[in-house]
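Peer 1: 3D, please:
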Amino acid sequence: MLVVLGDSLSAGYNLPGDKAFPAVLEKALRVRGHNVKVVNAGVSGDTTTGGLERLDWSVPDNASGVIVELGANDMLRGVDPAIPRDALDKIITRLKARGIPVLLAGMRAAPNLGGRYSDDFESIYQDLAKRHNLALYPFFLDGVAGERNLLLPDGMHPNPVGVQMMVSRILPTVEQFLASLTPR
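Peer 2: Reported below is the predicted structural model:
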């Protein structure tokens with residue numbers, strides 16, 4: 001079982017459950033011969049701190065691996081990058097202590113937050129992946145961010161076509177991650 005611990009981007013904000021990222025990822029993996037269940041542990045509006053607070057009940061002990069997709073809401077609120085860095089570090093540390101491998105899905109900062117904020121925020125994911133020797137997918141919304149035809153009318157959340165694009169782009173990284181997992 002693969003768990004996606006995330007926010008609205010993975011939870012499937014304003015989408016039917018079968019169009020949310022975890023469901024679409026599971027279908028794509030099964031088509032490619034992987035017998036894996038992908039569990040949606042996304043909560044719309046969640047921050048990294050919120051993800052940390054609900055970690056133990058969101059990720060069961062029998063999870064084979066976790067895709068951690070958090071940080072977008074911290075960034076949108078202009079939260080000091082030290083806070084999501086610390087929360088993500090604690091999430092990763094606790095999952096590793098439980099013997100659960102992590103694939104970290106990164107986020108980029110909105111350009112209007114300025115260069116220094118962007119640098120400080122975006123370095124979180126690469127730094128933590130390196131420090132904890134994790135698989136890293138650098139930008140969860142790669143190919144979708146800013147593409148109106150792939151987003152809901154709010155301009156931030158992926159529509160079903162956008163989710164398909166996200167899955168197609170992350171799929172090779174997820175397959176490499178799955179290949180590295182020890183069956184539980």
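
Peer 1: So what's the gap between the host helix or strand of residue 179 and the chain middle?
Peer 2: When elements are assigned from DSSP states H and E, residue 179 belongs to helix 160-180. Relative to its parent chain, helix 160-180 has a centroid offset of 11 Å by C-alpha atoms, centre = their mean, to the nearest Å.

Peer 1: What is the neighbour count of residue 156?
Peer 2: 15 (other C-beta atoms under 10 Å). To be clear about C-beta, it is placed using only N, CA and C from the backbone, and glycine gets the same treatment.

Peer 1: Tell me the spacing between it and residue 73.
Peer 2: 10 Å (C-beta to C-beta, to the nearest Å).

Peer 1: Likewise for residue 64?
Peer 2: Distance of residue 64 to residue 73, given as C-beta to C-beta: 27 Å.

Peer 1: Neighbour count: the two, which is higher?
Peer 2: Using other C-beta under 10 Å as the criterion, residue 64 and residue 73 rank with residue 73 on top: 22 against 17.

Peer 1: which residues does the residue minimising distance to the centre of the chain contact?
Peer 2: Nearest to the geometric centre of the chain sits residue 69, at 1.9 Å (C-alpha atoms, centre = their mean). The contact partners of residue 69, taken as C-beta atoms under 8 Å, 6 or more residues apart in numbering, are 4-7, 9-10, 42, 105, 107, 140.

Peer 1: any chance you could map the helices in the protein?
Peer 2: Counting by DSSP state H, the chain has helices at residues 8-11, 21-31, 48-53, 55-58, 72-76, 82-97, 115-132, 160-180.

Peer 1: tell me what the fifth one is packed against?
Peer 2: Spelled out, that is helix 72-76. Of the remaining helices and strands, those touching helix 72-76 by 3 or more C-beta pairs under 8 Å, 6 or more residues apart in numbering; DSSP states H and E are helix 8-11, helix 82-97.

Peer 1: and if we set it to 7 Å?
Peer 2: Using 3 or more C-beta pairs under 7 Å, 6 or more residues apart in numbering; DSSP states H and E as the contact test, no helix or strand touches helix 72-76.

Peer 1: mind checking how far that helix is from the chain centre?
Peer 2: 13 Å.
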